[in-house]
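>>> Provided below are the primary sequence and the corresponding predicted coordinates.
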Amino acid sequence: MLDEASVTEMDRFRSLGHSAFVVGYTGEVGKVLVDELNKQKIFQRVVLIGRREVALDVGQEFEQKVVDFDKIHEHKEIFNGLDTGFCCLGTTRGKSGRDGFIRVDRDYVLNTAEVAKSQGCKHFSLVSSMGADKNSCLLYPKIKGEVEATLADMKFERFSIFRPGMLLCDRTERRTMEKVSIALLKPITSCFPTLLSAPVRTVAKAMINNVITPTDSSLPELYENKPIHQLAEGIVHQSKPKRS
């Protein structure tokens, strides 16, 4: 339930007539984010950008655009007038292989951000991952950290990073190791729900509460797992990512 302050901020933001895009809207976080955006109606226009159209039950302010992410620079016109961007793009090495993972989680994200900024995107929100570190010797956190650092260097007027832990959701696509991990960690996630995991709806609500809350800083905003839970409940907490 939204508190009075959150409702006031939402009404204020809604009155400003912003428009947004979502990439990765068929993924687990993306699907729930679209659902929450459809409920809250805070944008005059929302463009859902992906590789295919899917069946959606959403309002008239939503439209789907099919693109080739390998040629995203040929789709610049899609981003015209969209001042807010939500990036939920992501895959896994197990699903796409090493090169496929790098292409989606790094190249597609950075190329999309570059085009969006050139067309006027002011606030870019990224779903990253707990442990992201560009200096890591492990591929997954290293790529996530590199993307965060490169996006920060793009100097969006506002850049928000969300680093959730294990995402809790009912996936259409079954991931065996993830199911095992969730089962093993269930006692911990039950006793300490903000420690290592986050429901996808919590992440989506945090992203929306972040975007409607004004800030007077142009520095990147970093939300680790516990602050994501807090932000989803309307408790604003910001910290800055380390830069080297």
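That came through fine.

>>> in this protein, which spans are strands?
Using DSSP state E, the strands of the chain run over residues 19-23, 45-50, 62-66, 84-87, 123-127, 158-162, 166-168, 197-199, 221-223.

>>> Nearest residue to the middle of this protein?
In the chain, the centroid-proximal residue (Cα atoms, centre = their mean) is Val127; its distance is 3.4 Å.

>>> my guess is that one contacts Ala204, does it?
No. Contact between Val127 and Ala204 fails when scored by Cβ atoms under 8 Å: they sit 9.4 Å apart. C-betas here are computed from N, CA, C, even on glycine.

>>> hey, what's in contact with both of the two?
Val29 (Cβ atoms under 8 Å, 6 or more residues apart in numbering).

>>> Select the helix or strand of the protein having the lowest average pLDDT value.
helix 176-191 (a mean of 56; mean pLDDT, DSSP states H and E).

>>> Now do Ala20 against Gly85, distance only.
Distance, Ala20 to Gly85, using Cβ to Cβ, to the nearest Å: 7 Å.

>>> of the two, who's got more company?
Gly85 (25 against 22; other Cβ atoms under 10 Å).

>>> Who are the contact partners of the more buried one?
Counting by Cβ under 8 Å, 6+ apart, Gly85 has contacts 20-23, 112-113, 116, 121, 123-125.

>>> Between those, identify the one with the most neighbours.
Busiest of these [other Cβ under 10 Å] is Val22, holding 29 neighbours.

>>> ok, Ala55 - contacts?
Here Ala55 is in contact with no residues (criterion: Cβ under 8 Å, 6+ apart).

>>> what pLDDT does it get?
Here the pLDDT value assigned to Ala55 is 95.

>>> how near is it to Lys31?
Applying Cβ to Cβ to Ala55 and Lys31 gives a distance of 12 Å.

>>> same deal with Asp70?
Applying Cβ to Cβ to Asp70 and Lys31 gives a distance of 23 Å.

>>> okay but Leu167 is in contact with Thr202, surely?
No. The criterion here is Cβ under 8 Å, and Leu167 misses it with Thr202 at 9.4 Å.

>>> out of those two, which sits in the busier spot?
Set side by side, Leu167 and Thr202 show more neighbours around Thr202, with 24 against 21, by other Cβ under 10 Å.

>>> Setting aside sequence neighbours, what's the nearest residue to that one?
Leaving out its chain neighbours, the residue that sits closest to Thr202 by Cβ to Cβ, 6 or more residues apart in numbering is Ala232, at 4.5 Å.

>>> Pull the number of nearby residues for the one you found.
Count around Ala232 with other Cβ under 10 Å applied: 21.

>>> just Leu138 next, same as before
9.

>>> 47 is where my numbering starts, stick with that
All set: I'll call the first residue 47, so the last point we hit is now Leu184.

>>> Can you list the low-confidence ranges for the chain?
Within the chain, the segments meeting pLDDT under 70 span 47-52, 216-241, 281-290.

>>> repeat that with 50
By pLDDT under 50, the low-scoring segments of the chain are 285-290.

>>> so where do the helices sit in it?
Remark: helices assigned in the chain by DSSP state H are 50-61, 74-86, 139-148, 155-164, 185-199, 222-237, 246-258, 271-278.

>>> which secondary structure elements does the fifth one contact?
When you say that, I think you mean helix 185-199. helix 139-148, helix 155-164, strand 169-173, strand 204-208 (3 or more Cβ pairs under 8 Å, 6 or more residues apart in numbering; DSSP states H and E).

>>> Also the last one?
Judged by 3+ Cβ pairs under 8 Å, 6+ apart, the packing partners of helix 271-278 are strand 243-245, helix 246-258.

>>> do the third one as well
In terms of contacts (3+ Cβ pairs under 8 Å, 6+ apart), helix 139-148 is packed against helix 185-199.
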